[in-house]
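Undergrad: Sequence and predicted structure below; questions after.
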Amino acid sequence: MSSAVVSADVEPSETEFEREMRTALEEIAVEAAKIIGFQDCAIALYHPTANELRTLASSNPTLDAPSRRFAPGEGVAGHVALAMRPILIRDVSQDPRFLDLRQRPIASALCVPIVHEDSRLMGTITAVSSKVGAFDEHDLRMLEVLAEMASLSICYIFRAHQLRVLNRIGQRLLRVSTLDDVMALLVEELGSLIPLDLLRLEIKSPAGSVARPPLYWFAPDIRPVRPHMDFDQGLIQRARILPAEEVARGLRVAPDDLSCKSFVVVPLRVDTEVHGTLVAGTRHTAAYAHEDLGAVETAAIQAALWVRNHLLYEQLRLQNERVEAFFAYSSDAVLMLAKDRIVNLNEAACRLLGIEAEDCVGRRREEVLELAPVTTREPGASPLYVLSTPRGEREVEMNESGIVVEGVEHRIVTLRDVTEQRDLDRAKANFISMVSHELRTPLNSVLGFSDILITGAPGPLTERQHEFLEHIRSSSRHLVQLVNDILDLSRLDAGAFSLSRGPFLPGMLAQQVAAEMSGLAREAGVDLDLKVAEALPKADGDGGRIKQVLINLVGNALKFTPEGGSVTVEVEAGEDEVTFSVRDTGPGIPEAEQGKVFERFYQSVQSPRLATKGSGLGLTIAKLLVERHGGRIWIESEPGRGSTFRFTVPAIPEVRRDQVGASAQD
């Protein structure tokens, strides 16, 4: 049995458990005295941590005072505890081992060990008599039967006490709110079940939270050596009883550095999830038994449930605090809706909508939010809407997400007022457009007069003059292209860019581009090939803008393909789209840079000399134009093996294609 069973002395303050144990053992002692002829009987329980016997019950309290303590080897019961064998003494005077008994009115004695089912000593039951030869072998057998009854009674009473304590732990855990309270509760309750000089409670902190230091409790008279014990995770995967030597190896210290010599280590586990560890320790060696481990493990399961609920509560509390802070301090308008009705909104939403919160809560969404979508929005950006308010129309970006609160699905609508920002963007775009227009006129003049001079119409040129004019013409063309790119980009940013959509033949468009770019390919010494699939469907889009995209990609490929290389333009049909591909045999682009090629003003670090020939806006404009058509554009490249740019445009469905053809015939 656990040492806690026998640790209770007979004091006026004895507990209900101790009284229950005493009453049961006194009944057995009295019954034993009757069976063996009304002799005097006493029952002592063994305290393993103190290594002593303590008399708990007697049929004649005046003969053997309750709570008398004696060590193994002392007296009849002490010899039985030491040898774990019954003793029958017919004549005390003839047995030299018991000289101390001759001073007392005892002439013969009979003592039997009370043994647990796992062969551990629980105590002794002793009968004494003032008569010589008062006991025989029959009395010994009867006392052994009574010892078995005492063993069962002790186990039953302790188990009942253990269940009461564990039930009390569960009930009390429902009423505590802090980890300190849990620690105090476990110290008090487990201390009534097992030897306890140390208790360590560690909670595993959730990901992203601040680590919690372990909680420790030490008995008042124990030296708290190494209070911060970082247990090896290998020691706490399951409930275990550990000697000091094994714990010391896990902590990488000498066993003498530990104040405790026996440990119970139990994970705080709920299902398969471990929320922490519970460690109990005592200064005594080999102090814990199997039932002690079971009791601590059951208490740990109850504590683990409390910890899990506590962590969930903390998580919800922090989440609520974040939501409240987001509502209170967000500069964006935030509205929470349930079943399409507004249940909460922040101060920024009240200001934007020009309405008080009490006038808004409970109303349907469409009654409060009068939104009209803005279609001229760059793909991938937050949806843009025009919001009607008492202050007039405001342009807002809207994002919407879902959240479950107390089992009910809610929608969180966030509105960001971008009216001033959009006005600034439009003003900036208009300014850039105006400046670009003003630049384009003189640049065209420079380019035009350069062409005239190069033809020799005004007069013959020297070789040096011709070289300078070629530089002027080349730089002028570059500046004109840069101005055109800036104009296109500013129109796209301002939403002032429109497409003239309609059906066009993608194969014919690719042939036109190949013909126009063939001269540039010859100058670069690069082969330009064209592959057009048969039975291509008509494409839906602005043919002029798609041609601009293709010219841009082919020109870019020619620029980066070395002399003797090749550029291939290919057009293929998909289920509902047409795919254009431009493949070159240039140096290729590393994977780390492929995500940057469509960024504004991006210049390749692989060929800085060639990169300076472009504005860094061509691929950006190409991407925007393709996405405005509802298509996709991407790159496939590997250093040393060239690059392939692909983009798609929607194909006209078969039914609609027939309608387009019929309209053309009409």
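TA: All right, it came through fine.

Undergrad: quick one: low-confidence parts of the stretch 251-400 of the chain?
TA: 326, 375-382 (pLDDT under 70).

Undergrad: So which residues of it form helices?
TA: Secondary structure of the stretch 251-400 of the chain (DSSP state H, counting those that start in this stretch): helices at 290-329, 347-353, 357-360, 365-368.

Undergrad: And the first one, what does it pack against?
TA: In terms of contacts (3 or more Cβ pairs under 8 Å, 6 or more residues apart in numbering; DSSP states H and E), helix 290-329 is packed against helix 137-173, helix 179-190, strand 198-203, strand 240-243, strand 262-270, strand 273-282. C-beta: built from backbone N, CA, C; applies to glycine.

Undergrad: Please state the offset of the longest one from the chain centre?
TA: Its chain's C-alpha centre lies 47 Å from the corresponding centre of helix 137-173 when counted by Cα atoms, centre = their mean, to the nearest Å.

Undergrad: So which other helices or strands are in contact with it?
TA: helix 16-35, strand 87-89, strand 108-115, strand 121-129, helix 179-190, helix 290-329.

Undergrad: Of all the helices of the stretch 251-400 of the chain, which one comes closest to residue 80?
TA: Minimum separation from residue 80 across those (Cβ to Cβ) falls at helix 290-329, 23.3 Å.

Undergrad: Between strand 198-203 and that closest one, find me the angle.
TA: Helix 290-329 and strand 198-203 are oriented at 40 degrees to each other (axes from the mean of the first three to the mean of the last three Cα atoms, to 10 degrees).

Undergrad: Tell me the buried residues in helix 290-329?
TA: 291-293, 295-304, 306-308, 310-311, 323, 327 (16 or more other Cβ atoms under 10 Å).

Undergrad: how close does residue 464 get to residue 525?
TA: To residue 525, residue 464 is 26 Å away according to Cβ to Cβ, to the nearest Å.

Undergrad: what's the answer for residue 576, then?
TA: Distance, residue 576 to residue 525, by Cβ to Cβ: 39 Å.

Undergrad: what element comes up after the lowest-mean-pLDDT helix or strand in the chain heading to the C-terminus?
TA: The least trusted helix or strand in the chain, going by mean pLDDT, DSSP states H and E, turns out to be helix 608-611, with a mean of 46. For helix 608-611, the following helix or strand on the C-terminal side (DSSP states H and E) is helix 618-628.

Undergrad: Show me where the stretch 351-500 of the chain has its strands.
TA: 371-373, 384-389, 392-405, 408-417 (DSSP state E, counting those that start in this stretch).

Undergrad: Can you tell me what sits against the first one?
TA: The list of residues contacting strand 371-373 from outside it, by Cβ atoms under 8 Å, 6 or more residues apart in numbering, reads 383, 384, 385, 386, 387, 388, 396, 398.

Undergrad: can you rerun that using 6 Å?
TA: Residues outside strand 371-373 that contact it (Cβ atoms under 6 Å, 6 or more residues apart in numbering): 385, 386, 387.

Undergrad: quick one: that strand to chain centroid distance?
TA: With Cα atoms, centre = their mean, you get 38 Å for strand 371-373.

Undergrad: buried sites along it?
TA: For strand 371-373, by 16+ other Cβ under 10 Å, it's residue 371.
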